[in-house]
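Peer 1: I need the structure of the sequence given here:
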Amino acid sequence: MLVQEKKASAYGLWSLPGGRVDKDEGIETAAVREVLEETGFHVTITAELLVEQGGMHTPVFHVFQAKITGGELRIPKGELLDAQWLTLEEIRVLQTDHALRNEWIVRAILKAHYT
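Peer 2: Below is the predicted model:
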């Protein structure tokens, strides 16, 4: 599932659900919390797919594969424009149109697809 950003710095771009790790919170716990906050789904992490850092002064991104264990799609209107299940072909079109927030999103999805 990809989410469409609403904040000004990434408005309209598509990304994986995510966010920052809170103080005294583990990376996987933060990922589970962020998915719930951004999609309404309860998930269990099944694998770490990718660790990505663009440079010395950029954040480290951890991408996890997860299994939905409950909940239903809920899009927080103050934070996101949309959330959708997309095919690999649809994600490739977003990539070609420069509508993805980060290029590594495709690498992570491909890794999940072929794992």
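Peer 1: Going by C-alpha atoms from here, please, whenever you check contacts or count neighbours.
Peer 2: Noted.
Peer 1: any idea how far the residue positioned nearest the centre of the chain is from residue 56?
Peer 2: Taking C-alpha atoms, centre = their mean as the criterion, residue 16 is the residue nearest the geometric centre of the chain, at 1.6 Å. Residue 16 sits 22 Å away from residue 56, going by C-alpha to C-alpha, to the nearest Å.
Peer 1: Residue 108 now?
Peer 2: As defined by C-alpha to C-alpha, residue 108 lies at a distance of 21 Å from residue 56.
Peer 1: who's more crowded, the two?
Peer 2: Neighbours around residue 108 and residue 56, counted as other C-alpha atoms under 10 Å, are more numerous at residue 108. The numbers are 20 against 7.
Peer 1: Ramachandran angles for the closest residue to residue 71 other than its chain neighbours?
Peer 2: Setting aside the residues directly before and after it, residue 71 is nearest to residue 41 in space (C-alpha to C-alpha, 6 or more residues apart in numbering), at 4.5 Å. Here is the backbone geometry of residue 41 (degrees, to the nearest 10): phi -90, psi 140.
Peer 1: Identify the residues contacting residue 41.
Peer 2: Residues near residue 41 by C-alpha atoms under 8 Å, 6 or more residues apart in numbering: 35, 68, 69, 70, 71, 72, 73, 74.
Peer 1: Quickly find the element holding the first one.
Peer 2: What that stands for is residue 35. For residue 35, the enclosing helix or strand under DSSP states H and E is helix 27-39.
Peer 1: So what touches that helix?
Peer 2: 3, 17-22, 41-45, 62, 64, 72-76, 79-80, 83.
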